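The sequence and its predicted three-dimensional model are supplied below.
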Amino acid sequence: MNFGSSYDQGFVRIAACSSRTALAIPPDNAATIIEIVRALDDEAVGLAVFPELCLTGYSIDDLLLNDVVLDATLDAIEMVRAASTDLLPAIVVGAPLRNGNRLFNCAVILHRGRVLGVVPKSYLPNYREFYEKRYFAAAPISSPEHSVIELPGVTGAETVPFGAGMRFQAKDLPDFCFSVEICEDLWVPLPPSTIAAMRGATVLANISGSPITVGRADDRELLC
């Protein structure tokens with residue numbers, strides 16, 4: 001055991017990342033994410049968590065339904081996947097993804113050149129400034145073991161596990177098991193993260209984003 005290593009002491013370094021977003025330009029956002037993750041790799045970070053819809057931007061409204069943007073999102077995921085091959089952190093990024101004839105607000109989990117899973121948002125806000133049901137379908141009510149998604153153009157992502165409540169277990173750190181949910185999922189009476197914790201998750205990641213509204217910065221400060 002290396003006494004100076006936080007990992008040998010049972011801890012994991014986790015980074016909550018807030019990246020500058022180029023609206024509706026996924027490749028530029030992927031490049032920004034890769035740059036950040038490379039810096040985090042130098043700091044021995046084990047998990048890098050980026051915001052909801054960070055590959056496109058949250059506030060692009062009907063452009064979320066644009067095929068050019070959605071195709072570019074897949075290209076951006078491939079960029080992050082390829083870059084992750086020689087990097088330590090597991091990476092969580094937000095992206096709009098098609099599955100069948102529906103569009104989902106998703107968290108994509110990548111590590112060491114692989115897409116480990118895709119977690120769709122379960123609870124879609126549709127009040128005040130939020131209008132997600134205009135664009136997205138909610139996560140299907142099914143076991144993630146029986147759901148898959150294909151990500152065309154992403155190497156090795158022909159059949160990726162797809163569903164809410166998945167847990168991702170580190171092979172070399174038995175106490176590091178994380179789960180991911182998305183924004184509004186946290187605010188319901190029984191969040192997906194609560195169920196994941198009951199099933200053994202030790203780290204609960206919630207990726208969030210929001211449209212621009214007056215006072216939003218103050219609201220975020222109050223949450224800190």
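Cool, got the structure.

tell me the phi and psi of V80?
In terms of degrees, to the nearest 10, the main-chain angles of V80 are phi -70, psi -40.

Tell me how many other residues crowd it.
25 (other CB atoms under 10 Å). C-beta: built from backbone N, CA, C; applies to glycine.

what does the model give the nearest residue to it once chain neighbours are set aside for pLDDT?
Sequence neighbours aside, A30 is the residue nearest to V80 in space, at 5.3 Å (criterion: CB to CB, 6 or more residues apart in numbering). pLDDT, A30: 99.

residues contacting A30?
Contact analysis of A30 by CB atoms under 8 Å, 6 or more residues apart in numbering lists 55, 75-77, 79-80.

Next, work out how far apart it and V37 are.
As judged by CB to CB, to the nearest Å, A30 and V37 stand 10 Å apart.

can you check D75 too?
Counting by CB to CB - D75 and V37 are separated by 17 Å.

ditto for R112
Applying CB to CB to R112 and V37 gives a distance of 12 Å.

okay, and the common contacts of these two?
Common neighbours of R112 and V37, using CB under 8 Å, 6+ apart, are 84, 87.

Of the two, which one has the most company?
V37 (25 against 14).

got the residue ranges for the strands in the chain?
14-16, 47-49, 90-99, 102-111, 114-120, 148-149, 160-161, 167-169, 177-182, 203-207 (DSSP state E).

Packing partners of the last one?
Applying 3 or more CB pairs under 8 Å, 6 or more residues apart in numbering; DSSP states H and E, we find strand 203-207 packed against strand 47-49, strand 90-99, strand 177-182, helix 192-198.

Helices of this protein, start to end?
Under the criterion DSSP state H, helices of the chain are mapped to 26-42, 67-83, 192-198, 216-223.

and the first one, how far from the chain's centre?
Which is helix 26-42. Put simply, helix 26-42 sits 14 Å off its chain's centre (CA atoms, centre = their mean, to the nearest Å).

Pull out the buried residues from it.
Neighbour counts using 16 or more other CB atoms under 10 Å place 26, 28-34, 36-37, 40 of helix 26-42 among the buried residues.
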